[in-house]
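Student: sequence and predicted structure, then a few things I'm wondering about:
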Amino acid sequence: MMDLTSAKRACVIGAGFGGLALAIRLQSSGIATTLIEARDKPGGRAYVWEREGFTFDAGPTVITDPDCLKELWALSGHDLSEDVELMPVMPFYRLNWPDGTNFDYSNDEATLRREIDRVAPGDLAGYAEFLEYAAGVYQEGYVKLGHVPFLDFASMVKAAPAMIRYHAWRSVYSMVSHYVKSEKLREALSFHTLLVGGNPMTTSAIYALIHKLEKDGGVWWAKGGTNQLVAGMVRHFERLGGKVMLHDPVLRVHTIGNRASEVETVSGWKERFDAVASNADIMHSYRDLLADNPRGPAMARKLAKKRYSPSLFVVHFGVEGSWPGIPHHTILFGPRYKGLLDDIYEHGVLPHDFSIYLHHPTVTDPSVAPPGKSTFYALVPVAHMGKLPIDWDQVGPLLESRILAEVGRRLIPDIDDRIVTKFHYAPRDFALDLNAWKGSAFSLEPLLTQSAFFRGHNRDDKVENFYLVGAGTHPGAGIPGVVGSAKATAKLMLEDLQ
């Protein structure tokens, strides 16, 4: 254990994946770090409920690039496996269309080629070209720039030639369509942006890098649930000497001049720190936490003009029986693709149809349900509350019934008789539980004009020892994204604290 008696002191606000990863990096480098979480459990969006013997992860549920997690333990000579057991998920996803077509997507080359040949005959050569493109953007956008802070416009200019070479101004769907002709394969190769809050029709083609990320690193599940990855990170942070405070929301980050000086919580606790980083929602970080400094309201006004990712409506349910035929991750596409995305991202209406992401962890890990039973959640993207200001107390139960009916129609015929327990989580819950602006589930929408330098900066431009980590800053949402943001932010903080 390193001697921290004379160490510099840092505070990280919010124990989501980004906050946890940053806290581990700081503590591993000898910075005495306090991690403060508003809720009764760590995890942020990766919250967990336990009901009637079922474990329900709030999400995220797709773990990619396990090396970015392993690195957090390796910093201090430890191993991820001391605290977390990662289990491979195969296939990565099963995609299902209303006409009954299934497509199993994985990195098993032979199987994948057979699947493409069956569902999209004639597109194999195009798929190979797309993969080459995805490998290029992965190298430029993730390996080279995913952990690099963009603090000034010059850094953006430096990255521009590579972005231009890979047609970053085009959308993921547009680039996929350039390579493959089958509409089903186009949907199969472009839906991934939805997992980080992006519309495949408008999100930069750079996000095609997700395919290479999954192909190389696989898709994984933490035994016991994503919550066990959170618990493992907390355990590791505390082992290093870090301090965790739960169930005490931060009220204010006090400043003296252009420096953050002290953190105050709702309970009245106050402490001085050399540096403060926020993993909270970006609007909440500026509008509320920095309310007493002119920078807070000024930045909040700017942020209010930006575009935010949609919210989510999630139905958690536990059922009788085991379902070996339903994979861990299933996408049940609806009858429309572009039209549905327009409704969610542009028009702000609640459509009659929907695409469902069905999460079934019990098929990989039976420990998350009682014997002979199964844990599921069904997730649909919905417009955020700024676009769709409806009463979710009224609409929620109706939408829950419609979603469960669709899962029943397509996969579990007697679902109503089998349900043991169920509940749903709506945009209003994101707003109330997570201070998420407009109930957005992924913070700022990942548009090219809201990426890198145009996203929240890892270090604030005015309050010189106030930092951001998580979905609202570079590189964006998703576990690899926020863990990457922690790497970028930690580098700045460690340089500044020397």
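Tutor: Cool, got the structure. A quick note: this is a predicted structure, and the numbers were derived from the prediction, not measured.
Student: any idea what the nearest residue to Met245 once chain neighbours are set aside is bridged to?
Tutor: Spatial nearest neighbour of Met245, chain neighbours left out: Ile36 (4.7 Å); criterion: CB to CB, 6 or more residues apart in numbering. In short, each C-beta sits where N, CA and C put it, glycine included. Note on Ile36: beta-bridge partners by DSSP bridges are Ile13, Met245.
Student: tell me which residues touch Ile36, please.
Tutor: For Ile36, the contacting residues are 11-15, 245, 248, 250, 263, 265, by CB atoms under 8 Å, 6 or more residues apart in numbering.
Student: ok, Ala436 next?
Tutor: Applying CB under 8 Å, 6+ apart, the residues near Ala436 are 281, 284, 311, 430, 443.
Student: just Arg239 next, same as before
Tutor: Arg239 touches His78, counting by CB under 8 Å, 6+ apart.
Student: Gly296 now?
Tutor: 286-290.
Student: try it again at 7 Å.
Tutor: Gly296 makes contact with 286-287, 290, according to CB atoms under 7 Å, 6 or more residues apart in numbering.
Student: can you flag which of the contacts of Ala436 belong to strands?
Tutor: Using DSSP state E, the subset of the contacts of Ala436 located in strands is Ser311.
Student: measure Ile16 to Glu140 for me?
Tutor: Just so we're on the same page, residue 16 is Gly rather than Ile. For Gly16, the distance to Glu140 equals 27 Å [CB to CB, to the nearest Å].
Student: doesn't Glu495 lie inside a helix?
Tutor: Yes: Glu495: assigned to a helix according to DSSP: H, G, I helix; E, B strand; the rest coil.
Student: how close does it sit to Ile31?
Tutor: In this view, Glu495 and Ile31 are 12 Å apart by CB to CB.
Student: before we move on, what about Leu332?
Tutor: For Leu332 relative to Ile31 (CB to CB), the value is 46 Å.
Student: which stretches of the stretch 201-350 of the chain have low pLDDT?
Tutor: Residues of the stretch 201-350 of the chain meeting the criterion pLDDT under 70: none.
Student: which parts of it are strands?
Tutor: 219-222, 243-245, 250-256, 259-265, 270-272, 275-278, 311-320, 329-332 (DSSP state E, counting those that start in this stretch).
Student: strands paired with the third one, and their directions?
Tutor: Using DSSP bridges, the strands paired with strand 250-256 are strand 259-265 (antiparallel).
Student: report the buried residues of the strand it pairs with.
Tutor: Burial within strand 259-265, assessed by neighbour count using 16 or more other CB atoms under 10 Å, is assigned to 260, 263, 265.
Student: can you pull the contacts of the most centrally placed residue in the chain?
Tutor: Residue closest to the mean C-alpha point of the chain, counted by CA atoms, centre = their mean, is Gly478 at 2.8 Å. Contacts for Gly478 (CB under 7 Å, 6+ apart) come out as 60, 195-196.
Student: switch to 8 Å and redo it
Tutor: Gly478 sits next to 60, 62, 64, 195-196 when contact means CB under 8 Å, 6+ apart.
Student: got it, and Ile415?
Tutor: 319, 404-405, 407-408.
Student: from the residues you listed, which is closest to Gly372?
Tutor: Taking CB to CB as the measure, Gly372 lies nearest Val319 of the contacts of Ile415, at 10.3 Å.
Student: what's next to the strand or helix carrying Val137, contact-wise?
Tutor: Taking DSSP states H and E as the definition, Val137 sits inside helix 124-137. Where contact means CB under 8 Å, 6+ apart, the residues beyond helix 124-137 that reach it are 113, 116-117, 120, 166, 175-176, 179-181, 185, 189, 205-206, 208-212, 215.
Student: one more: stretch 64-83?
Tutor: By CB under 8 Å, 6+ apart, the residues outside stretch 64-83 that reach it are 21, 24-25, 28-29, 63, 84, 86, 210, 213-214, 217-220, 229, 231-233, 235-236, 239-240, 478-480, 483-484, 487.
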